[in-house]
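the amino acid sequence is not available; the structure is as follows:
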Ligand code: FAD
């Protein structure tokens, strides 16, 4: 289903992010996770794309398998850095043929020594996807829905947050239907940024990115990948209490994420996107604690 339609639905959207595994065992484990998550009936699931080139083909394979073997609606991430326009065109054509409805359009991070490619920014990719749509190449009467990334706590490359908002607006003006945010642990930052988006004239639905902390090593890795994310003292204090007890760390992280979700749901957010790291336990626990058996029950229409 087109992402605009999903997010306009009566109940709140909830979605899960997966990454393509690098090993056979990883694929087995991922499909076990997916089987555990399927009963939660997410509005869609997204599949990451290796801007560095390492897992690009696997993104397509995972998306096709999700469509063929599950009831889930996959949204591939697509990064444009290092790609030619013809390559992007080919990827879109393959997704259209596979019946994919939506794409998360990203720039990605340039790799040292990597080719520049034909696209400087994600807004250029959004334009290319809309051109593909306009040419009727997705199929009769259908268009790719397009989501883009948003950064409530700022993107490290653009310290000027007013200019950064202009860049986000440019993606929406180029035809983005929705925004999915970088993970954050401080809801105040999200609420304030959402207001600033509104003031900037951004009217598309915004989906909040939530990552339950499940290990201290994972938290450290994320601090690198999601540079600029703030870690509230209250969360760090609770994690410090858990110390080296991995289960206690996961309980603290899941509890924190549950409270974030409760607040976001009450605040009328359009959707929540769970960075699952290919695991299901925390997400399932969050639903259980919030009293929802399925995504539609998180905030029924
Ligand atoms: P852009 O919107 O192009 O912005 C990138 C930077 O350029 C920003 O600092 C922006 O302010 C600046 N900028 C934009 N337009 C202009 C302009 N006209 N002039 C000057 N500066 C400009 N990475 C992956 O490799 N694979 C993934 O699967 C992936 N999934 C992600 C999913 C989500 C929800 C998020 C939030 C991020 C994801 N990323 C992924 C990371 C993302 O690719 C990087 O954070 C990247 O640096 C920014 O991508 P973007 O699409 O926001 O780029």
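Here it is on my side, so go on. Please read all numbers here as calculations on a predicted model, not as lab measurements.

residue 70: neighbour count?
If you count neighbours by other CB atoms under 10 Å, residue 70 ends up with 15. No exception for glycine: its C-beta is placed from N, CA and C like everyone else's.

I'd like to know how far it sits from the ligand.
20 Å (CB to the nearest ligand atom, to the nearest Å).

residues in contact with the helix or strand where residue 65 lies: which ones?
Under the criterion of DSSP states H and E, residue 65 resides in helix 56-69. Applying CB atoms under 8 Å, 6 or more residues apart in numbering, the external contacts of helix 56-69 come out as 18, 20-22, 30-31, 34, 45, 47-50, 72, 74, 76-77, 91, 94-95, 98-100.

in that helix, what's buried?
Buried residues in helix 56-69, defined by neighbour count with 16 or more other CB atoms under 10 Å: 56, 58, 59, 60, 62, 63, 64, 65, 66, 67.

from these, pick the one nearest residue 242.
residue 62 (32.6 Å; CB to CB).

just the helices in the stretch 1-150 of the chain please.
Ranges of helices in the stretch 1-150 of the chain, per DSSP state H, counting those that start in this stretch, are 3-8, 24-37, 56-69, 85-97, 122-134.

I'd like those helices as CSV, with distance to residue 277 and mean pLDDT appended.
As requested, these are exported to CSV (distance: least, CB to CB, whole Å; pLDDT from 0 to 100):
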stretch, distance to residue 277, mean pLDDT
helix 3-8, 23, 97
helix 24-37, 10, 97
helix 56-69, 15, 95
helix 85-97, 24, 97
helix 122-134, 23, 98
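
tell me which residues are up against the lowest-mean-pLDDT helix or strand in the chain.
For the chain, scoring each helix and strand by mean pLDDT, DSSP states H and E identifies helix 216-225 as the least confident one, at a mean of 90. If you take CB under 8 Å, 6+ apart as the criterion, helix 216-225 is touched by 183, 211, 213, 229, 231, 239, 249, 253, 277.

how much space separates the closest residue to the ligand within the stretch 201-301 of the chain from residue 69?
At 5.6 Å from the ligand, residue 209 is the closest residue in the stretch 201-301 of the chain, using CB to the nearest ligand atom. Distance of residue 209 to residue 69, computed by CB to CB, to the nearest Å: 26 Å.

which SSE is residue 274 in?
Secondary structure (DSSP H and E) places residue 274 in strand 271-275.
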